[in-house]
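Undergrad: fold the following.
(one chain, ligands or ions: 2)
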Amino acid sequence: MPLLRAALPAMPVLTLDTLQQPEQIRYVITWGPPPGLFAGLPALQAVFALGAGVDKLLLRPDLPATVPIYRLLDGGMAQQMAEYVRLGVLSYQRHMDIYRRQQAAGVWKMLPPRLPAEVRVGVLGMGEIGSAVAQALVADGYQVSGWSRTPRQLAGVASYHGEAGLGEMLANSDVLACVLPSTPQTQGLLDAERLACLPAGAMVINAGRGDLLDENALLALLDSGHLRAAQLDVFAMEPLPANSRLWQHPSVTLTPHIAAITLRQQAVSQIAANLQRLQAGLAAEGRVLRERGY
Ligand code: NDP
Ligand code: OXD
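TA: Ligands and ions are numbered 1, 2, ... in the order given. Just a heads-up that it's a prediction; the model follows:
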């Protein structure tokens, strides 16, 4: 709050605890607002999400479709996500997951080295975050391809789009890294059939949203050995229920939705600049297009 007040000295900034005269509130900055909040704000002109993904906000029945939603554009999250994905890819390339299992079993066995140029990484989602992930992987020397809804060009990245493009990319991805938003079109995208299109011995990284991936299908393919490993940051239900088999699975590394965390200073600067644009009658950046769901 002090950061926001310092960035917007001319604008009264209230918290939920200090909220008075809700009928005068014009802007809300939020991640997970309490149910019904927006219904009591008749003067609401815009909502600023404290994150990149707005799937939950778009489902809010109390938020009129006429109120624009603005999301964070990168804000330091792209670099964090690139680090998160590179951790998984590097671990795969250097066989660290296999060596961990060998260690647990007391096995001393060298595996043949694999160079970055021999590892194919497919990135699902080539937006603010996905394109930074892809670029970081290209810089590391991996063979990188990317998938998006519309055609995208990125130096060193083989670009795919649409359903046909997805099949081809999956079949050629040793590591699949998902940083897609959750939309009606992407929910359930990584189902049993599509996951089975990955080459034998592939790894899946999901840091987009949990509902993109069928967790049971993933577990079945890990159990059968078709997939070698998974690194998961997001889940169908968060926190991940205690009885999920993912917790204990030897081929799964999981993290509690921390792949790319909102950085306060960057978020405040971006939102304050956007508010100032709106106040000056200019278009703000990062507007979510409701009709496409992200
Ligand atoms: P962007 O909106 O910038 O990019 C979204 C990308 O997904 C675009 O390339 C878009 O295609 C593609 N896409 C959307 N729908 C489809 C579809 N139906 N088929 C193919 N491609 C599709 O989002 P960001 O990069 O900023 O963020 C992506 C997501 O990452 C967030 O929505 C959030 O869910 C997740 N995230 C997770 C975090 C974590 O800590 N785990 C942190 C931050 C974000 P096109 O280029 O054609 O528009
Ligand atoms: C986001 C997230 O979407 O943290 O920003 O998941």
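Undergrad: quickly find the element holding the residue lying closest to Ser91 once chain neighbours are set aside.
TA: Once flanking residues are discounted, Ser91 sits nearest to Asp97: 5.8 Å by Cβ to Cβ, 6 or more residues apart in numbering. To be clear about C-beta, it is placed using only N, CA and C from the backbone, and glycine gets the same treatment. Per DSSP states H and E, Asp97 falls inside helix 96-104.
Undergrad: avg pLDDT for the helix or strand following that helix?
TA: On the C-terminal side of helix 96-104, the nearest following helix or strand under DSSP H and E is strand 120-124. Mean pLDDT, strand 120-124: 99.
Undergrad: strand 120-124 near ligand 1 at all?
TA: No: against ligand 1, strand 120-124 shows no contacts by Cβ under 6 Å from any ligand atom, the least distance being 7.0 Å.
Undergrad: so what strands line up beside that strand?
TA: Strand 120-124 sits in its sheet next to strand 143-148 (parallel), strand 175-178 (parallel), going by DSSP bridges.
Undergrad: re the thing from before, only the buried residues of the helix holding Asp97, if you could.
TA: For helix 96-104, a neighbour-count test (16 or more other Cβ atoms under 10 Å) marks Asp97, Ile98 as buried.
Undergrad: any residues touching it, and which ones?
TA: Helix 96-104 is contacted by residues Leu90, Ser91, Trp108, Lys109, Leu111, Met203, Arg228, Ala229, Pro250, Ser251, Thr253 when judged by Cβ atoms under 8 Å, 6 or more residues apart in numbering.
Undergrad: distance between it and the chain's centre?
TA: 28 Å (Cα atoms, centre = their mean, to the nearest Å).
Undergrad: swap in stretch 270-280?
TA: Relative to its parent chain, stretch 270-280 has a centroid offset of 25 Å by Cα atoms, centre = their mean.
Undergrad: quick check, pLDDT for the residue nearest to Ser91.
TA: 97.
Undergrad: before we move on, what about Arg100?
TA: pLDDT at Arg100 comes out at 96.
Undergrad: and it, how far from Val121?
TA: When distance is defined by Cβ to Cβ, to the nearest Å, Arg100 is 21 Å away from Val121.
Undergrad: quick revisit: highest mean neighbour count out of the strands paired with strand 120-124?
TA: strand 175-178 (a mean of 27; mean count of other Cβ atoms under 10 Å).
Undergrad: and that strand, is it in reach of ligand 1?
TA: No: counting by Cβ under 6 Å from any ligand atom, ligand 1 is not contacted by strand 175-178; separation bottoms out at 8.7 Å.
Undergrad: offset the numbering so it begins at 58, please.
TA: Yep, numbering from 58; the last one is strand 232-235 now.
Undergrad: next one: that strand to chain centre, how far?
TA: 12 Å.
Undergrad: find the closest residue to ligand 1 in the stretch 158-307 of the chain.
TA: Taking Cβ to the nearest ligand atom, ligand 1 has its nearest neighbour within the stretch 158-307 of the chain at Gly184, 1.7 Å off.
Undergrad: please name the nearest non-neighbouring residue to that residue.
TA: Nearest to Gly184 is Ser205, by Cβ to Cβ, 6+ apart, at 7.3 Å.
Undergrad: what's near enough to touch that neighbour?
TA: By Cβ under 8 Å, 6+ apart, the neighbours of Ser205 are Gly182, Met183, Gly184, Gly187, Ser216, Tyr217, His218.
Undergrad: right, and the fourth one touches Val236 too?
TA: Spelled out, that is Gly187. Yes: if you go by Cβ atoms under 8 Å, Gly187 and Val236 touch, sitting 4.6 Å apart.
Undergrad: and the residue nearest to Gly184, what pLDDT?
TA: The model's pLDDT for Ser205 equals 98.
Undergrad: how close does it sit to Ala259?
TA: 20 Å.
Undergrad: next one: Thr312
TA: Applying Cβ to Cβ to Thr312 and Ala259 gives a distance of 20 Å.
Undergrad: OK, contacts around the residue nearest to the spatial centre of the chain?
TA: The residue lying closest to the centre of the chain (Cα atoms, centre = their mean) is Gly265, at 2.9 Å. By Cβ under 8 Å, 6+ apart, the contact list for Gly265 reads Gly110, Leu181, Gly182, Cys235, Val236, Leu237, Pro238, Ser239, Thr243, Val291.
Undergrad: Ile262 belongs to a strand?
TA: Yes: assessed by DSSP: H, G, I helix; E, B strand; the rest coil, Ile262 belongs to a strand.
Undergrad: just checking, it touches Gln288?
TA: Yes: with contact defined as Cβ under 8 Å, Ile262 reaches Gln288; the gap is 4.6 Å.
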